[in-house]
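>>> my questions concern the predicted model and sequence given below.
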Amino acid sequence: GQIKTVYENSIASPCSFPGTAALNAPAPVARITGPSSLGQCDQHPLVLSGAQSTGGASAVASYAWSVKPALAFASSADGAVLKVAAGAWAQAAYNFSLTVTNRFGAMSAAAYHTVSKAGSTLKPEAYILNENNLKVSAALGTTLQAYAQLSRCMTSAVDLLFNWTMAQLPDGEPVPVVSST
């Protein structure tokens, strides 16, 4: 006979196939950036970003936002940016969460971000001028003057209406109001 020689070659190299994640690949990481508080009179929308999130073994494919208490919001076309309209806020602490999923379907742990909205008061504060030196006399009559300070959130002219009331005299009789303006 003849001697037959068989050669075997093997090549060891890492490889990946579309649609599969490499073993021990880094997991996606969600990150939220943006302000943590809004003032009383803030008139601009809140913008939070998830753009610094990473997909781990691949690019981020999707962003999933949620907020408690419930609040209407919109997100950018790719989902990386969340926007809440200025008028949608009430005084509260809002807890936002974000998870990201990469192209292989791996999901990140949730990232959390709290935004507190300060309460806005639109009620004016009113004071009676010289109230500590006020002397009431039925014979002389009494003139009261008041000072009202509007909320600093008011950005346009507003009409104020004063309504004067008096509780009662020391003997329990109600005090009639003759005129008020």
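Structure received.

>>> so, low pLDDT: which residues of this protein?
1-24, 120-158, 160-181 (pLDDT under 70).

>>> show me where it has its strands.
Applying DSSP state E to the chain gives strands spanning 37-38, 46-49, 60-68, 74-75, 81-84, 92-102, 111-117, 125-128, 146-149.

>>> which helices and strands does the fifth one pack with?
Under the contact definition 3 or more C-beta pairs under 8 Å, 6 or more residues apart in numbering; DSSP states H and E, strand 81-84 sits against strand 46-49, strand 74-75. C-beta coordinates here come from the backbone N, C-alpha and C atoms, glycine included.

>>> how about TSV for the ones you listed, with mean neighbour count added?
Compiled in TSV, these are given as follows (neighbours: other C-beta atoms under 10 Å):
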stretch	mean neighbour count
strand 46-49	18
strand 74-75	13
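
>>> just send the ones you listed back as CSV, with distance to Pro35 too.
Below are the helices and strands packed on strand 81-84 laid out as CSV (distance: least, C-beta to C-beta, whole Å):
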stretch, distance to Pro35
strand 46-49, 7
strand 74-75, 17
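
>>> out of these, which is closest to Lys117?
Nearest to Lys117, of all those, is strand 46-49, at 8.6 Å by C-beta to C-beta.

>>> who's in contact with that closest one?
For strand 46-49, contacts defined as C-beta atoms under 8 Å, 6 or more residues apart in numbering pick out 32-35, 38, 80-84, 86, 89, 96, 113, 115.

>>> just the buried ones from these?
Buried members of the contacts of strand 46-49, counted by 16 or more other C-beta atoms under 10 Å: 32, 38, 80-82, 84, 89, 96, 113, 115.

>>> looking at the strands of the chain, which is nearest to Ala25?
Comparison of those against Ala25 by C-beta to C-beta identifies strand 92-102 as nearest, at 9.0 Å.
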